[in-house]
Structures are given as structure tokens and as C-alpha cells.
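K.L.:
below are the sequence and a predicted model; questions follow.
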Amino acid sequence: MDDGPVYVRERGNLRRVSDIVLSQPKPASSCRRTNPLVLRKEHFVFTYNSEGSLRYTTKSLFDLALLFVAHNIHHVDSLVGFPEQIGDRLFAAAEENRVFSNTDVSPKALRLFSDAYGQMVLGSLCLRNRFPLLHERMDEIKTFHSLKSLDLFGCRLGDDHEIFHHLTSTSLANSLIHLFIGGNSLSDAGLQRLTAPVRMMKRGLDRLQLLDVSYNPISERALRYLTCLPKLEKLDVSGTSLKLDAGLKTTMWNLLGLVRSEKPLDLFDHLRCKTEGWAEQVVNQWETNTSQMPKQKKIEASRTSALRFFGRQKFVRDVLNAAPVCESKEEDKRERLHFYRPASNHVFEKQVPYKTNPPAKSSCHGIKKRPHQSEGCDSSRLSPPTKRSPSSALNAEDIELLNSY
């Protein structure tokens, strides 16, 4: 299409549309004069007949219009209201046109599809041990705001990562159900920062039912930061600083209303996690492009720029060659600490202390240096405890985090 005026017909009247800049046409070349089909071959379907001769037929007007919209997808304001079949074919056309490989256009294009079609674009995303992909495509990943399951195991998040704001955003609040953030060197401070918006502003993670924080250096203190998750039903704390004993079981029951599962829960098996949706191949293509080292280009820059370039190249190479953060054989043999929320008629094992130690009642009330044990003795007579009010858990660190938002 030449760069000329554009006319549209609305309500039977033809009017000229101004201030619309379409994609720049490809420059003319001598190749176009010799073969007029070179720059317009996408308008034809090439097949072979029974005799082996090449034949071509023109595509339908619908397919041509679809290609045109896909090529100019960054000029589209909204796809809300378009049928799913049209959206699926338009997404496939944009993917074929390599729109999502362009970092300047892909965030807006993916947000356009996500706003209109939600979980059909991507309902589950598995980035287990794929930390280079997470860091290189952070803007695109943030556009997937209808995820039900997100696996970030071994992505080296640490205690202060920019993905934390997206996890607790209002866009994911009504969709995210399963979250895996194990193996990320996440400490008590990191878990406190992650749940700060939920505890203070009641924002985010409204429907979270399953949480994996295994193989992180968290202690029993971090459990109180999870009391703000109203629908948490399953928790994995394997490989952490938590030790399985009667105290941990009592704390889990009193704070979160969870009991330990004697058998490993299948939902924490990462082999079940996979990427599902229209953008599945897009994510795989991103990983392929990220793993390929860029060729050295001739650049005119100072010594500092050269050092930065090769330093970045070395960083990417080291990251790709580094061993993934996963459970070792020794860690795999450890006892799994999986907790779940039992049925409403479940009664906590309140007879166990009396069987193992009959005078436990008197000793529990006789020790004044550890008053929290007496609370455990009293609370063991109750059925599932109510979670503590988030406002009661605020301290000076929480107030400082609140001021940072």
C-alpha cells in the first residue's frame, strides 16, 4: 500500500482519515522491477500439482486483511469484542510476522491480546530455571495478567526483584492460583517485602491457593507473613530452615490452619507445570533467541563501551552455562514438608501431648518464660483457627515498606 490518504465509510458516508501513519512500505529495488512477486509473495499460496509443477493462487481478501492488521498491530487500540476465532487467527498471523520478536512492539501487542482474550493467550507460564528469559523479557511477561499458574522456581529473584510488584498487582489478583517461587534465595525479608502490599493495602493474591517457597533460607518467623493469604490451602516449605517437629506443626495450625501431609502432594511436582496458551510458541522462541549468543559487531565506541559490551557478553555466557538452581540428590532425599488445609470437621491432634507426656498441662502453664506454649495448649482445643488480623503484624519494617509505595 502506498503512503497516501486513507478513506473510511461510516454510516453510509465516505470521509478521509487523517493523522494515521501506517507501517512504512519497503523500499523499491531493482529486484522488484524484475520480479514483481518478490515483495508481495505473502499474498499468494504456492503449491505443486500432480505433475510436479509449481502453481500459485491468491489468498482470500479476509487473509490479506488479516495480514495487514497483523503487520500494523501496534496501531490497533483494542480487540475487545472481536470473536475468539478472529483473535486466534490474528495472533497466529502476528506470530508468523515475527511481531512478538520485536522488543519495541511486542509488549503493546501482547497487552492488546491479553486484555481481550485473557487466559486464552496464556493461562500457565513455566519459567523454571529459565532466569535469562525472565530478565530479558520482563516487559512482555508483565502483560500476561490472566495467569492461573506461574512457576518461577530457580529464577534467582532474591529479596528485591521487580517481579514482586507484578505478583501482587490488581491485574493478577483475580486469576493467580498457583505460585512457585522456590530456589530463589528468598529470605524472611524478601517474603515480607513480597506480601507487604497484601498485608497493608489488601491488594493482590486474593485467590492464591498453592504456594511453593521450598529451598529458600526462610525461618519460622516468615510464616506470619502468609497469614494475609485468605485462600491458601497448600504450602511447600521443603529444604528451608524449618525443622519438622511438634512446634512447627502447632505453629502451622495456629497461624495458617494447615496440617502436614504424610505423602508428597502431586501439585508440587514441577513435572506437571507447563506453558499453555496461544503464546506458548512465542515463549519458546524467546528462549531460543536468548540462548543464541549475539555475533560480535563492529562498533565505534570508546574503551569503556567495549569493556561494557564484552562484560555483558561474558555475563550472559556465564548465566547460560551456570548450573540450574534445583534440588540435588541429597536434597531430593530429604523429607518433604508439604502442608494442606484439611476438611472443616478436622480436629487437631490435641490428645498427642497428653499421651506422650501426661503432666503436659501443668508443665505448659508452669513455664512462664515461654508464654506462647500456653497459647498453643489453649488453642489446640479449638477447630481451625482464624487468621490473625494483618494490622496486628505491622512493625517498623512494615511501616517503612508502606512508605516506599
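P.N.:
Sure, I can see it. Numbering: from 1, shown residues only.
K.L.:
pull the contacting residues for the nearest residue to L229 once chain neighbours are set aside.
P.N.:
Nearest in space to L229, with sequence neighbours left out and distances taken as CB to CB, 6 or more residues apart in numbering, is L208 at 5.4 Å. (Glycine included, C-beta is placed from N, CA and C.) By CB atoms under 8 Å, 6 or more residues apart in numbering, the residues touching L208 are 176-179, 229, 231-232.
K.L.:
can you tell me which of those are buried?
P.N.:
176-179, 229, 232 (16 or more other CB atoms under 10 Å).
K.L.:
what are the contacting residues of stretch 264-284?
P.N.:
Against stretch 264-284 from outside (CB under 8 Å, 6+ apart): 88, 91-92, 95, 100, 110, 113, 117, 119-126, 128, 133, 144, 149, 151, 153, 178, 180, 210, 212, 214, 234, 236, 336, 338, 340.
K.L.:
so which of those belong to helices?
P.N.:
Among the contacts of stretch 264-284, DSSP state H puts 88, 91-92, 95, 110, 113, 117, 133 in helices.
K.L.:
give me the buried subset of the residues you listed.
P.N.:
The buried subset of the ones in helices among the contacts of stretch 264-284 - by 16+ other CB under 10 Å - is 91, 95, 110, 113, 117, 133.
K.L.:
quick one: which two of these are the most distant?
P.N.:
Y117 and L133 (22.6 Å; CB to CB).
K.L.:
mind putting the buried ones among the ones in helices among the contacts of stretch 264-284 in a markdown table, distance to P264 included?
P.N.:
Formatted as a markdown table, these follow (distance: CB to CB, whole Å):
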| residue | distance to P264 |
| --- | --- |
| F91 | 38 |
| E95 | 38 |
| L110 | 35 |
| F113 | 37 |
| Y117 | 35 |
| L133 | 28 |
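K.L.:
so which of these is the closest to V69?
P.N.:
Nearest member of those to V69, counting by CB to CB, is F91, at 11.1 Å.
K.L.:
distance-wise, check the closest one relative to S124.
P.N.:
Going from F91 to S124 by CB to CB, to the nearest Å gives 17 Å.
K.L.:
what does Y340 give?
P.N.:
Distance from Y340 to S124, by CB to CB: 21 Å.
K.L.:
of the buried ones among the ones in helices among the contacts of stretch 264-284, which is the nearest to T288?
P.N.:
Nearest to T288 among those, with distances taken as CB to CB, is L133, at 9.9 Å.
K.L.:
name the nearest residue to that closest one, ignoring sequence neighbours.
P.N.:
E287 is the one closest to L133 (CB to CB, 6+ apart), at 5.1 Å.
K.L.:
any idea how far the one you found lies from N97?
P.N.:
E287 is 20 Å from N97, by CB to CB.
K.L.:
check F144 too.
P.N.:
Separation of F144 from N97 (CB to CB) stands at 20 Å.
K.L.:
look at D269 and say how many residues are nearby.
P.N.:
9 (other CB atoms under 10 Å).
K.L.:
got it, and H135?
P.N.:
Around H135 there are 17 residues (other CB under 10 Å).
K.L.:
next: S214.
P.N.:
S214 has 24 nearby residues by other CB under 10 Å.
K.L.:
quick check: it touching T240?
P.N.:
Yes. Using CB atoms under 8 Å, S214 makes contact with T240 at a distance of 6.6 Å.
K.L.:
any buried residues in stretch 162-180, and which?
P.N.:
Buried, per 16+ other CB under 10 Å, within stretch 162-180: 163-164, 166-169, 171-173, 175-180.
K.L.:
now, the most widely separated pair of those residues?
P.N.:
S171 and F180 (19.1 Å).
K.L.:
mind checking pLDDT for R199?
P.N.:
Here the pLDDT value assigned to R199 is 90.
K.L.:
assumed it was part of a helix.
P.N.:
Yes. Assessed by DSSP: H, G, I helix; E, B strand; the rest coil, R199 belongs to a helix.
K.L.:
shaky segments in the stretch 301-405 of the chain?
P.N.:
301-334, 345-405 (pLDDT under 70).
K.L.:
may I ask you to confirm that S146 is in contact with Q119?
P.N.:
Yes. Applying CB under 8 Å as the test, S146 and Q119 come out as touching, 4.5 Å apart.
K.L.:
out of those two, which sits in the busier spot?
P.N.:
When S146 and Q119 are compared for neighbours, S146 comes out ahead with 20 against 16, by other CB under 10 Å.
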